[in-house]
Every structure is written in structure tokens, then in C-alpha cells.
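Trainee: Make a model of this:
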Amino acid sequence: MRIAILASGSGGNAVVVEAGGTRALFDCGVTVRQLERRLGAIGLAATELDALFLSHEHIDHVRGTELLLRRRPLQVLATAGTLAAMPWKPGGAEVLVSGRETAVGELRVTPLATSHDAREPVGFVVRHASVRVGLVTDTGCISAALLEALSGCDILLLEANHDPDMLRFGAYPWPLKQRIASDAGHLSNTQAQVAVERLAHPGLRMVVGMHLSRENNRPELARRELERPLVGGDVRVLAATQDDPLVVSAKDGPRSGGPLALFDGEPAAAADTP
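Mentor: So this is what the prediction gives:
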């Protein structure tokens with residue numbers, strides 16, 4: 001399984017998961033021009049995508065959806081609330097139900113309800129063979145049900161949006177600060193750290209901080225907090241950014257054969273302009 005985080009942040013989000021010849025795009029919050037450039041940087045093309053999963057309707061997750069689907073018809077999967085709230089309605093979309101697994105080619109995907117100020121937002125657990133990847137951004141809290149659904153994941157792509165002090169003393173207007181810090185906003189580094197502590201297990205091999213704020217966070221701060229509950233283990237901790245694709249991979253195979261072989265590379269390409 002290969003996971004390519006093409007972009008992550010309030011400027012746009014897009015993640016590709018590929019395994020067994022199936023390639024699924026999770027969110028298309030960048031322009032199609034950016035998407036094509038970033039796919040090209042990791043050796044893929046938009047014509048090779050098989051499906052598009054949408055987590056929710058906010059612009060930084062759906063910005064390029066309409067043009068992408070006009071150019072490349074894809075299977076679209078989203079919750080009923082997300083589809084109803086989108087300004088442009090993709091025809092023939094498959095409705096996702098939280099907690100109900102769906103199959104796209106070789107991938108098995110389970111949507112997970114999150115807590116965000118959108119109509120019906122979800123995160124995902126993506127499974128192929130023995131590998132499970134959790135992808136959760138845009139949630140103001142981690143519920144007990146979400147923790148249970150993410151348990152046992154080999155790779156966690158988890159929101160670490162802001163440093164609480166940077167948000168508190170930063171330049172954002174007070175109503176926006178309240179929204180971000182609310183239970184329907186975004187996870188802080190501290191909240192993400194607590195979640196990682198709860199989700200750590202012997203099979204966990206990688207944690208990637210996602211959806212970092214440019215104004216209220218720094219990659220080194222997010223990594224430091226996510227690493228705290230993992231000290232002494234062999235879990236790799238990374239932070240995805242808005243500008244440069246990050247690719248990680250996991251070899252499928254029985255866990256009794258040893259740990260997953262994980263590789264975190266350098267950014268695949270320099271940032272492109274919006």
C-alpha cells in the first residue's frame with residue numbers, strides 16, 4: 001500500500017491511497033492543475049484514479065471536484081449530508097454511511113463520523129490485506145466511537161491543526177479562534193497527542209500530523225507533541241504540509257512475519273503556485 005499526501009491544510013487537501021492496482025483519491029481540495037502536478041511528481045496521472053471519497057463539503061476539501069469529474073469520470077463516494085451541501089452535485093454518487101464498510105477495487109473503506117461544523121463529515125479507515133490506515137482531519141474532538149474505530153491501525157494520518165498558545169495569542173479574530181478550538185472545529189497538537197497515546201499499540205508503525213495551520217502551528221511543534229507518547233518505540237512521526245507531497249508505503253503481509261516495512265521519502269516536488 002502506498003499513501004501519497006498531496007496537500008494537507010486549510011489551503012487544500014488531497015490524499016491518494018493505492019494498493020492492488022486500485023487508486024482512490026480522498027478529497028480534492030486543490031485545483032485540478034495543482035492535483036495533476038502533484039500526481040505527476042509521484043509518478044501518477046489523474047486518469048489512473050479509480051474513485052473519489054469526500055470527507056465533507058468545505059472548499060478546502062472539494063475545490064477541484066467539479067472540474068476533475070468533468071475531465072475524468074470517477075466513482076464518487078460521500079455521505080448524504082455532504083452530497084446535499086455541495087454547491088455542485090456529482091451525479092451517480094454512492095452514499096456512504098458511517099461505520100459501514102464499502103469496497104472500491106482492492107480497497108476496503110469505512111467512513112467514520114467526525115465532529116466538525118459541516119453537514120455530515122467523516123474520516124476514514126482504509127484497509128488492504130493486513131494493513132489498516134486511519135485518516136482523520138477536521139474534527140474538534142475524538143469521540144470514544146472514533147477511538148474504537150481507529151484502534152489497531154498501522155498508520156495514522158491524524159489532524160494536528162494548531163498549537164493552543166499560538167492560536168490563543170495569534171492574530172485571528174476571537175470568533176474564529178472560538179470556532180477552531182470548539183468541539184466542532186479542529187484538533188490541537190495536544191488533543192492529537194492524547195489520541196495517539198490512546199491508540200498506540202505494538203503494530204503502530206507511523207503517525208503523520210495532518211491539516212497543520214500555517215498561522216497557528218509549526219511542523220516541529222506538531223511532531224514533538226505526537227512523539228511524546230511514543231518515546232522508546234520505533235514509530236515514525238512525520239508532519240504533512242500544504243506545499244510538498246509526502247509519500248509513505250507499507251508492505252502487506254502477515255504481522256507474524258515482522259514489522260511493516262515503511263518508507264518516508266523526501267518531498268516529491270517543490271511547491272507549485274495556486
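
Trainee: pretty sure residue 99 is touching residue 111, no?
Mentor: Yes. When contacts are counted by CB atoms under 8 Å, residue 99 is listed as touching residue 111 (7.4 Å). Heads up, the C-betas are built off the backbone N, CA and C, glycines and all.

Trainee: So for the two, which sits in the more crowded spot?
Mentor: residue 111 (26 against 12; other CB atoms under 10 Å).

Trainee: just checking, the more buried one touches residue 98?
Mentor: Yes. Proximity of residue 111 to residue 98 meets the contact threshold set by CB under 8 Å, at 5.2 Å.

Trainee: what is in contact with the two at once?
Mentor: 79, 122 (CB atoms under 8 Å, 6 or more residues apart in numbering).

Trainee: Which residues are in contact with residue 15?
Mentor: With CB under 8 Å, 6+ apart as the criterion, the residues that contact residue 15 are 3-6, 8, 25-27, 135, 157.

Trainee: change it to 6 Å
Mentor: Residues touching residue 15, when contacts are defined by CB atoms under 6 Å, 6 or more residues apart in numbering, comprise 5, 26.

Trainee: separation between the closest residue in space to residue 128 that isn't next to it in sequence and residue 60?
Mentor: Excluding the flanking residues, the one nearest residue 128 by CB to CB, 6 or more residues apart in numbering is residue 19, at 3.8 Å. Note on residue 19: its distance to residue 60, by CB to CB, to the nearest Å, is 26 Å.

Trainee: Give me the below-cutoff pLDDT ranges for the stretch 51-200 of the chain.
Mentor: Scanning the stretch 51-200 of the chain for pLDDT under 70 picks out no residues.

Trainee: where exactly do the helices run in it?
Mentor: Using DSSP state H, counting those that start in this stretch, the helices assigned to the stretch 51-200 of the chain run over residues 59-62, 65-71, 80-85, 144-150, 164-169, 174-181, 189-199.
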